[in-house]
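Student: Structural data only, the sequence is not supplied:
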């Protein structure tokens, strides 16, 4: 076993992952290391694509490196060895029929099996034998062997039911012994039948081959020998072809291993409902609801480690070591794209070149080494490494804690300069106090339930935990009076320090719980605000549609009223229609005035569902920036963020001027129809003449322009049928103006 494989096995055992790896390997088609070489991002894409489809399981095929080495030497493979290669290539042919998506489809279709190999695949049956249908000589031979076996069975059956042998038979069945068909008889059988004894049973009976079938057995031996000659001829021919395509066979052997890696991970993840986490470039371990696979009913771990050193303190048997193993296990499984239980959407695991675990007690009588000396050896090895993550359990193990704290503080500082990250557990507070002020140190406290007097297996970031040694001793049956004396020896001042640590941890935990509660409430308020904004938009849209509907109805009603007035002219009707128009305009101005909101450059605004910032104003349009993109939009469609009304710019104040009010008639003496459509022009003329009649005007002008003369013709036809017009004529000079006398 290579040094790399030994290290892999060691780290798996230290992290309690050996059982997990054993279960995973049972999903593989053949034994191999779990490590995949090549681009991990590409592997991840293939695994994700394979996870989305169903595919047939690969056949169980052993590693064929030895057989490939023999092919290079032009050796003749056995039929079983040849069939192993046939199984691999047949499986890739099967995969071509699966509905793969990219990138799998390009990969599988890119494996083109040579025609000579395809022909050889056709020689074999599903059981791994040469198909007699492809060879007439072999077909005839197989039929002869089958018929000979039938003859042997029939002969034995007749003997077993003959009257002469009946008294010596133990039973009338045909027994297979050593691959031979035999009868089981008692002693004295040679008085009635000549036979060869093959073996003796545990009860003292004899397995015999009667001489009457000896010639049939000899015939069978000859036939089988002839068949072996034909099979050997096929093996020799196929082995020669394999030698020609040795490089292709090596290639497909590697590709089979590659697909086996992918399918085993997918099958294992489906069976366990695990998730895949692709290692990120950032040196961070963020776990959400992680569960170590070695624990039956684990308390889910949620932890964010984005510094260089994590220092875990707190209660004995409170899960400190398991937290360390969980963090390193997540890195190990992510590094090898092995699935595990977590919330994948909120989990992030960084990539580290190597993983080291300083966990076991290195003391050894055989090697004459102490615990502390062993630890020093393991730390000395770390100075030759870089870009590693190291887990150290009970870091001061084996020596004075105060001296060790100072030593390890200096070593940890030096090693992290080489890009090494540490997850450390300790029962002692000296090291924690020395490193607490360092910005690159994350303090983690294992929590203890005072009421139930049990560890909770949960953790608090940013705090130092108390060890609860006395409480643990009581929990495991140490007499109370012994614990009481120990507390007295320990000292009141140190006990007070522990109480302060405990209170600090409790206060911080309460504070974080309150912060979490406030965050939840803020989230709920934000959701309500968002819901209100959506409801407001819906109401505004509903209001707009209602106004549009009413306006359409109003226009339809006024149109019918004008048609009625044309039929029977009424000055009072014209006046009331004009009043309705004025009230409608007044109401719209009132609505616009109520909706008016001051808007200035730099305001945070909302345009439909987009959030942006107002850059400039120009008339009725505004320029905004949304996600780095500038847009010109109608000012009426903007809302200030957090404001429920539509926005309009407040006009800039002008220099004060003297206002002179001159009362004048509300009716105009001229109207312009330029650019209007026919219906719009006639409606405008109709309203214009109504206003003129109400206000007592005697002569007005209709400006329709020259153009193609369409408006001029329409106006002329309308005026011709109007009952209140005395005379109308075109103004001289081709000015496009019609003068109307009322």
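Tutor: Okay, I see it. None of the values given here were measured: they were computed from a predicted structure.

Student: From the rest of the structure, what touches stretch 716-736?
Tutor: 566, 569, 682, 685-686, 689, 693, 701, 703-707, 712, 737-742 (C-beta atoms under 8 Å, 6 or more residues apart in numbering). All C-beta spots, glycine's among them, are computed from the backbone N, C-alpha and C.

Student: what separates stretch 146-166 from the chain centre, distance-wise?
Tutor: 67 Å (C-alpha atoms, centre = their mean, to the nearest Å).

Student: if we can go back for a sec, among the contacts of stretch 716-736, name the buried ones.
Tutor: Buried by 16 or more other C-beta atoms under 10 Å: 682, 685-686, 689, 693, 701, 704-705, 712, 737-738, 740, 742, out of those.

Student: hang on, the earlier thing: helices - which of the contacts of stretch 716-736 land there?
Tutor: Counting by DSSP state H, the contacts of stretch 716-736 place 566, 682, 685, 686, 689, 693, 712 in helices.

Student: So what's the residue count around the closest residue to residue 241 other than its chain neighbours?
Tutor: Leaving out its chain neighbours, the residue that sits closest to residue 241 by C-beta to C-beta, 6 or more residues apart in numbering is residue 116, at 5.5 Å. Counted with other C-beta atoms under 10 Å, residues neighbouring residue 116 total 12.

Student: Would you confirm that residue 116 belongs to a helix?
Tutor: Yes - counting by DSSP: H, G, I helix; E, B strand; the rest coil, residue 116 is found in a helix.

Student: shouldn't it be in contact with residue 242?
Tutor: No - shown here, residue 116 and residue 242 do not form a contact pair, counting by C-beta atoms under 8 Å, at 9.6 Å.

Student: on that earlier part again, what is the most widely separated pair among the ones in helices among the contacts of stretch 716-736?
Tutor: Spatial extent of these (C-beta to C-beta) is set by the pair 693 and 712 at 22.2 Å.

Student: got any ranges where the stretch 501-650 of the chain has weak pLDDT?
Tutor: Confidence mapping of the stretch 501-650 of the chain against pLDDT under 70 gives the ranges 501-512, 563, 565-597, 642-650.

Student: Spell out the residue ranges of the helices in it.
Tutor: Shown for the stretch 501-650 of the chain, the helices assigned by DSSP state H, counting those that start in this stretch span residues 571-595.

Student: The stretch 251-400 of the chain now?
Tutor: Ranges of helices in the stretch 251-400 of the chain, per DSSP H, counting those that start in this stretch, are 320-335, 371-382.

Student: TSV please, covering those and showing mean neighbour count and distance to residue 156.
Tutor: Output for those, formatted as TSV (neighbours: other C-beta atoms under 10 Å; distance: least, C-beta to C-beta, whole Å):
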stretch	mean neighbour count	distance to residue 156
helix 320-335	24	61
helix 371-382	16	72
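
Student: can I get those helices in TSV with mean pLDDT and distance to residue 223?
Tutor: Below are these laid out as TSV (pLDDT from 0 to 100; distance: least, C-beta to C-beta, whole Å):
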stretch	mean pLDDT	distance to residue 223
helix 320-335	92	57
helix 371-382	81	67
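
Student: Any chance of the ones you listed in a markdown table with distance to residue 253 as columns?
Tutor: Below are the helices of the stretch 251-400 of the chain laid out as a markdown table (distance: least, C-beta to C-beta, whole Å):
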| stretch | distance to residue 253 |
| --- | --- |
| helix 320-335 | 25 |
| helix 371-382 | 36 |
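
Student: quick one, which of these is nearest to residue 669?
Tutor: Using C-beta to C-beta, the nearest of the helices of the stretch 251-400 of the chain to residue 669 is helix 320-335, at 85.7 Å.

Student: how far does that closest one sit from the chain's center?
Tutor: Taking mean C-alpha positions (C-alpha atoms, centre = their mean), helix 320-335 and its chain are 20 Å apart.

Student: what's the answer for stretch 337-352, then?
Tutor: With C-alpha atoms, centre = their mean, you get 10 Å for stretch 337-352.

Student: what do you get for stretch 209-229?
Tutor: Mean C-alpha position of stretch 209-229 versus that of the full chain (C-alpha atoms, centre = their mean) differs by 64 Å.

Student: Need the contact partners of it.
Tutor: Contact with stretch 209-229 is made by 138, 141-142, 144-145, 148-149, 151-152, 155-156, 159, 180-183, 193-196, 198, as judged by C-beta under 8 Å, 6+ apart.

Student: Next up, the contacts around residue 168.
Tutor: Applying C-beta under 8 Å, 6+ apart, the residues contacting residue 168 are 185, 186, 188, 189, 192, 193.

Student: Report the two of the residues you listed separated the most.
Tutor: Maximum distance among the contacts of residue 168 (C-beta to C-beta): 12.0 Å, for 186 and 193.

Student: More neighbours: the two, which one.
Tutor: For residue 186 versus residue 193, neighbours defined as other C-beta under 10 Å are more numerous around residue 193 (17 against 13).

Student: measure the more buried one to residue 159 for me?
Tutor: From residue 193 over to residue 159 the distance is 7 Å, taken as C-beta to C-beta, to the nearest Å.

Student: Next: residue 535.
Tutor: According to C-beta to C-beta, residue 535 and residue 159 sit 97 Å apart.

Student: okay, those two: which has more neighbours?
Tutor: residue 159 (20 against 10).

Student: I figured residue 103 was touching residue 49, is that so?
Tutor: Yes - contact between residue 103 and residue 49 holds when scored by C-beta under 8 Å: they sit 6.4 Å apart.

Student: ok, these two, which is more surrounded?
Tutor: Between residue 103 and residue 49, counting by other C-beta under 10 Å, residue 49 is the more crowded of the two (18 against 13).

Student: Tell me the spacing between the residue lying closest to residue 194 once chain neighbours are set aside and residue 193.
Tutor: In space, and not counting its chain neighbours, residue 194 is closest to residue 211: 4.5 Å by C-beta to C-beta, 6+ apart. Separation of residue 211 from residue 193 (C-beta to C-beta) stands at 8 Å.

Student: so residue 353 makes contact with residue 388?
Tutor: Yes - using C-beta under 8 Å, residue 353 makes contact with residue 388 at a distance of 6.1 Å.

Student: does residue 74 count as helix, strand or coil?
Tutor: coil.

Student: What strand or helix carries the residue nearest to it when sequence neighbours are not counted?
Tutor: Leaving aside its sequence neighbours, residue 74 sits nearest to residue 243 (C-beta to C-beta, 6+ apart; 5.3 Å). For residue 243, the enclosing helix or strand under DSSP states H and E is helix 214-244.

Student: what is the rounded mean pLDDT of that helix?
Tutor: On average, the pLDDT along helix 214-244 is 92.
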